[in-house]
Every structure is written in C-alpha cells, then in structure tokens.
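Sequence below, structure please.
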Amino acid sequence: MPCLNISTNVSLDGVDTSSILSEATSTVANLIGKPEAYVMIVLKGSVPIAFGGNEQPAAYGELVSIGGLNADVNKKLSAGIASILENKLSVPKSRFFLKFYDTKASASESRICTVFACFTPALDHCLEGLHS
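Predicted coordinates:
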C-alpha cells in the first residue's frame, strides 16, 4: 500500500484538492505498478516551511511503498508529483523535495494485515492467517 505524504506552505483554501489527490494517486499507481485502490495520498497545506532561507511556496513529500521503487521510478515519481504541485499549487519544481522509503516485506510480515486490508472484503484472505 503506497502512501504519499505531502506537506506544503501553500494554503489549500479554495484549491481543488480532489484533482490533486486524484492526479497524484494515478501517478503513483502507474509508476509503481500498484492498483490505485491501494494508494493513499495525504495532502497538508499551510504548513510552516522554509526552504533555501525563505518561505516562498515549497513542498516536502515522503513516499513509502512495499517494493516498486528504484532509481528510475523514483526520478519519474519526483518529476510527476513536482509537475502536479507546480500546476495546481504554483510550487516551483526546484522547491519540492521527495524522500523515498522502500519497505521490503519479509516472510514474517506476510501474515500482518494493514488496516486497509483488514477492512476490505476483497482481501479477507489476509484475516485467515490471523485466526490460525
């Protein structure tokens, strides 16, 4: 379940956040190769951020994914998300930083469900291992 957290010092009042969330979801899903149904995007506005010594529009993001990340994908994700933020929030691409976390699933973690999976009927198989 990839999760992208974006914080920006730009106010989101009057901004169509739904289009940002939708475009970011599509970008992450397509580039990582995971279904959109598994992608979570968190967008926080009006966060105090200074970048390069000033408080001009800027953004910081963290993307966590179990697999699907590598140098090429990360470069494309950075460019794609930066483009969305530039077009929708007027955050220059040069004032956006994205950090990546590729969490490798281990065999011992394979029986652990995320909250999302445990409450998704289509993924009931995840609960089977918890009751054995």
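
Count the neighbours of G53 for me.
The number of residues packed near G53 is 6, by other Cβ atoms under 10 Å. To be clear about C-beta, it is placed using only N, CA and C from the backbone, and glycine gets the same treatment.

what secondary structure does S22 sit in?
helix (DSSP: H, G, I helix; E, B strand; the rest coil).

number of nearby residues for it?
Other residues close to S22 by other Cβ under 10 Å number 14.

The helix ranked longest in the chain - contacts with which helices or strands?
Using DSSP state H, we find that the single longest helix of the chain is helix 71-89. With contacts taken as 3 or more Cβ pairs under 8 Å, 6 or more residues apart in numbering; DSSP states H and E, helix 71-89 sits against strand 3-8, helix 17-32, strand 59-65, strand 96-102.

give me the low-pLDDT residue ranges for this structure?
Residues of the chain meeting the criterion pLDDT under 70: 105-132.

Mind doing that once more with 80?
104-132 (pLDDT under 80).

Including distance to P48, could the helices and strands packed on helix 71-89 go into TSV?
Shown next, in TSV, are the helices and strands packed on helix 71-89 (distance: least, Cβ to Cβ, whole Å):
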stretch	distance to P48
strand 3-8	10
helix 17-32	19
strand 59-65	11
strand 96-102	16
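
In the longest helix of the chain, which residues are buried?
V73, N74, L77, S78, G80, I81, A82, I84, L85, E86, K88, L89 (16 or more other Cβ atoms under 10 Å).

what's the answer for stretch 7-20, then?
S7, T8, N9, V10, I20.

Can you get me a residue count around E23?
Under the criterion other Cβ under 10 Å, the count of neighbours that E23 has is 18.

Check T103 too.
Number of residues near T103 (other Cβ under 10 Å) recorded here: 12.
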